[in-house]
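Colleague: Fold the following.
(one chain, ligands or ions: 1)
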Amino acid sequence: MKRRDFISILGAGAAVASTPALGNSWFDSFHKNVQAQPWMNAFKTVNQESFNSTAVGIRGKMPTDLRGNLYRNGPARHEIGDFRYKHWFAGDGMVQSYQFTDVGIQHQAKMIETKKYVAERQQGRALYSGFASTPPNPAPVTSPDSVNVANISVLPHNGKLFALWEAGSPWEMDPDTLETKGLHAYSRETRGLPFSAHPRVEPDGTIWNFGYASAAKKLIFWHINATGVLVKVGAVPCDPISMPHDFLVTEKHIAIMISPFHYEGGSDNFLDAHQWHPDQLTKLLVIDKHDFGNPRWFELPAQWVFHFSNAYEENNVIHFEGARAPDPLEMTERIPALMQGTVDRGHGESRLFHYQIDLNKGRASEVALFGPELQSEFPAVDPRVSCRRHHRTVMMTTDRNQPPASHPMLNAVSVYDDRKSDIDTFVYPDSHMPEEHLFIPAPNSQPETQGWVVGTAVNYKKQRTELSVFDIRGVSDGPIYTAELPYMLPLGLHGKFVQSS
Ligand SMILES: [Fe+2]
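Modeller: Residues are numbered from 1 along each chain as shown. Alright, predicted model coming up:
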């Protein structure tokens, strides 16, 4: 693609109308309800630029060969003055590192100094229409990166660290100090093109990613080599277009799901510019990996999937798993209710499904892997089998057949192995709201054999964030190592672990 093609995509994606806000009802409601519902502290705003501490409250022993750095990201500043964001996904990002050393865990966290964050800090008020809210007298949005909050995930790659949003550029961070270095462009021509928060990284370090340009009705695809050099970028028409959050890569193909939650514009915030059409089909786009060509479309019933585990290909059939919800109401209704403490639905509806796309027969199919009692999200696999055949999936779960937790989020971590009929689960204490957990392989082990499940949890009763390490071979035995921060940070989203070499 030529630069002028990219500019037309960026221009089409940047126009956002401005209308006055309805007020600060989310702020009032949150502060009224948080006293009676202590779990809401997990969604309290951060008003501090940085955190730095050695972990305390150590229980157990850190494995001697588990060394490295767990980087995490998530929305942390949910309020500016008396304006509170309506949505969890709108908050400004804070990047964290948990360094695993011979003497324990060293923790750092820093607000990401995006253009938006710095401008709003200077003025002391919310300036822009964002994911789901509009502040009073909003400033014009001149480009996606002017409102890029860098709050979803991290990408450590080739010695660099990036904080990722999904509608704009990666923000480069210093991997040691977590200082914000600036917006990253893989080339002059592709500056500002959307780069999603869920790139797929092959075992050799090759990066594949996508982005969506809603108003231009195009999907962007990226191929970056192991040293961080752009190999190719391309655009595929997608009309109607949704807001896909994740995608899939196999040895030969790229696949992406377009749910019937269509971008139709007509709103001052991005979320409300989408309409759910339950009577329409979900589309799956498959393209060839080597040239982003040969687009083929497949169909499934209406549904919504935030996250997929991993994909692989056998006999011209693409296989993958996804945390499938019947609709996007988790995002459109339940999370805004969470943010003001008025949740009126039970746990989220996402369940792990296995999908197949038969490239010979031109057909896609899906099957639930568990009954409706097992809610699951944040599926993760051994990074050594990324884009290859995998068997084991680490995921956050809630079993509705068990006594409910006193908070409305998932309360357990599970390991699913497709060679076994049951899953291995550890249920966190009722005081804990666990965040995403990752599969960290043991050095020099065969893929998916030995290693650890590493994850964090917000202990909202004690007002601490905790980190736990489990043996992948028995998470139900409980953590083998736990460390506690002397503070609590807001519930975050995604992370990646960089193992010491
Ligand atoms: Fe995500």
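Colleague: List the buried residues for stretch 244-262?
Modeller: Judged by neighbour count (16 or more other Cβ atoms under 10 Å), stretch 244-262 contains these buried residues: 244-250, 253-262. All C-beta atoms are positioned from the backbone trio N, CA, C, and that covers glycine.
Colleague: And the pLDDT at the closest residue to Arg59 other than its chain neighbours?
Modeller: Counting by Cβ to Cβ, 6 or more residues apart in numbering, Thr482 is the residue found nearest to Arg59 once chain neighbours are left out, at 4.5 Å. As predicted, Thr482 sits at a pLDDT of 98.
Colleague: Helix or strand: which one has Thr482?
Modeller: strand 481-484 (DSSP states H and E).
Colleague: What are the buried residues along whichever helix or strand comes after that strand?
Modeller: Going down the chain from strand 481-484, the next helix or strand is strand 495-499, by DSSP H and E. Across strand 495-499, burial judged by 16+ other Cβ under 10 Å covers 495-498.
Colleague: Please name the strands paired to the strand holding Thr482 in the sheet, noting orientation.
Modeller: Applying DSSP bridges, strand 481-484 is found paired with strand 56-60 (antiparallel), strand 464-471 (antiparallel).
Colleague: which residues of the chain score low on pLDDT?
Modeller: Counting by pLDDT under 70, the chain has low-confidence residues at 1-23, 344-348.
Colleague: Just the helices from it, written as ranges.
Modeller: In the chain, the helices defined using DSSP state H lie at 3-14, 25-33, 115-123, 329, 335-338.
Colleague: Give the other helices and strands that the second one contacts.
Modeller: So the one you mean is helix 25-33. strand 83-84 (3 or more Cβ pairs under 8 Å, 6 or more residues apart in numbering; DSSP states H and E).
Colleague: got the contact list for the strand it packs on?
Modeller: 21, 24, 26-27, 30, 45, 78, 125-126, 133, 135-136, 339-340 (Cβ atoms under 8 Å, 6 or more residues apart in numbering).
Colleague: Report the distance from that strand to the chain centre.
Modeller: Remark: strand 83-84 is offset 23 Å from the chain centroid, using Cα atoms, centre = their mean, to the nearest Å.
Colleague: who does it pair up with?
Modeller: strand 79-80 (antiparallel).
Colleague: For the strand it pairs with, which outside residues touch it?
Modeller: Counting by Cβ under 8 Å, 6+ apart, residues outside strand 79-80 touching it are 27, 45, 85, 120, 124-126, 135.
Colleague: Which member of those is positioned nearest Asp358?
Modeller: Tyr85 (42.6 Å; Cβ to Cβ).
Colleague: what about that closest one, how many neighbours?
Modeller: As a burial measure, Tyr85 scores 27 neighbours (other Cβ atoms under 10 Å).
Colleague: Double-check it against His78; I have them as touching.
Modeller: Yes - using Cβ atoms under 8 Å, Tyr85 is in contact with His78, at 5.3 Å.
Colleague: shared neighbours, the two?
Modeller: In contact with both Tyr85 and His78: 91, 339, using Cβ under 8 Å, 6+ apart.
Colleague: hey, what's Val458 bridged with?
Modeller: Beta-bridge partners of Val458, as defined by DSSP bridges: Met433, Thr465.
Colleague: Glu484 too?
Modeller: Beta-bridge partners of Glu484, as defined by DSSP bridges: Val56, Glu466.
Colleague: Leu155 too?
Modeller: Phe162.
Colleague: wait, doesn't it sit right on Trp171?
Modeller: No - distance between Leu155 and Trp171: 10.2 Å, which falls outside the contact criterion (Cβ under 8 Å).
Colleague: quick one: common contacting residues for these two?
Modeller: The contact sets of Leu155 and Trp171 overlap at 162, 164 (Cβ under 8 Å, 6+ apart).
Colleague: Those two: which has the busier surroundings?
Modeller: Trp171 (28 against 25).
Colleague: Which residues are in contact with the more buried one?
Modeller: Contacts of Trp171 by Cβ under 8 Å, 6+ apart are 112, 114, 148, 150, 162-165, 180-184.
Colleague: mind running it again at 6 Å?
Modeller: 112, 150, 163 (Cβ atoms under 6 Å, 6 or more residues apart in numbering).
Colleague: What of Val154?
Modeller: Neighbours of Val154 in contact, by Cβ under 6 Å, 6+ apart: 71, 73, 163, 496.
Colleague: ok so, going back, mind giving me CSV with the contacts of strand 83-84 and columns for neighbour count?
Modeller: As requested, the contacts of strand 83-84 are exported to CSV (neighbours: other Cβ atoms under 10 Å):
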residue, neighbour count
Ala21, 18
Asn24, 17
Trp26, 23
Phe27, 19
Phe30, 23
Thr45, 18
His78, 23
Arg125, 15
Ala126, 27
Ser133, 24
Pro135, 20
Pro136, 12
Met339, 25
Gln340, 21
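Colleague: which two in these are spaced the farthest apart?
Modeller: Top of the distance list for the contacts of strand 83-84 (Cβ to Cβ): Arg125 and Gln340, 20.1 Å.
Colleague: mind listing the strands for the stretch 301-450 of the chain?
Modeller: Applying DSSP state E, counting those that start in this stretch to the stretch 301-450 of the chain gives strands spanning 304-314, 317-325, 351-358, 363-368, 374-380, 392-399, 412-417, 423-427, 432-441.
Colleague: List the strands paired with the shortest one, with their directions.
Modeller: Listed by DSSP bridges, the sheet partners of strand 423-427 and their directions read strand 412-417 (antiparallel).
Colleague: okay, the angle between the partner strand and strand 351-358?
Modeller: With axes from the mean of the first three to the mean of the last three Cα atoms, to 10 degrees as the basis, strand 412-417 and strand 351-358 are set at 30 degrees to each other.
Colleague: Residues in contact with strand 412-417: which ones?
Modeller: For strand 412-417, contacts defined as Cβ under 6 Å, 6+ apart pick out 391-397, 423-427, 437, 475.
Colleague: buried subset of these?
Modeller: 392-397, 423-427, 437, 475.
Colleague: Dump the strands of the stretch 301-450 of the chain into JSON lines; add distance to Phe270 as well.
Modeller: JSON lines is the format used below for these (distance: least, Cβ to Cβ, whole Å):
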{"stretch": "strand 304-314", "distance to Phe270": "16"}
{"stretch": "strand 317-325", "distance to Phe270": "19"}
{"stretch": "strand 351-358", "distance to Phe270": "27"}
{"stretch": "strand 363-368", "distance to Phe270": "28"}
{"stretch": "strand 374-380", "distance to Phe270": "22"}
{"stretch": "strand 392-399", "distance to Phe270": "26"}
{"stretch": "strand 412-417", "distance to Phe270": "31"}
{"stretch": "strand 423-427", "distance to Phe270": "36"}
{"stretch": "strand 432-441", "distance to Phe270": "23"}
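Colleague: Looking at the ones you listed, which is nearest to Asp102?
Modeller: So among these, strand 432-441 is nearest, using Cβ to Cβ, at 17.1 Å.
Colleague: Show me what the closest one is packed up against.
Modeller: When contacts are defined as 3 or more Cβ pairs under 6 Å, 6 or more residues apart in numbering; DSSP states H and E, strand 432-441 sits against strand 374-380, strand 451-459.
Colleague: Skipping its backbone neighbours, what lies nearest Ser365 in space?
Modeller: Gln356 (5.2 Å).
Colleague: And Asn225, by the same measure?
Modeller: Using Cβ to Cβ, 6+ apart, the nearest residue to Asn225 is Val231, at 5.4 Å.
Colleague: Can you tell me how far the one you found is from Gln48?
Modeller: From Val231 over to Gln48 the distance is 40 Å, taken as Cβ to Cβ, to the nearest Å.
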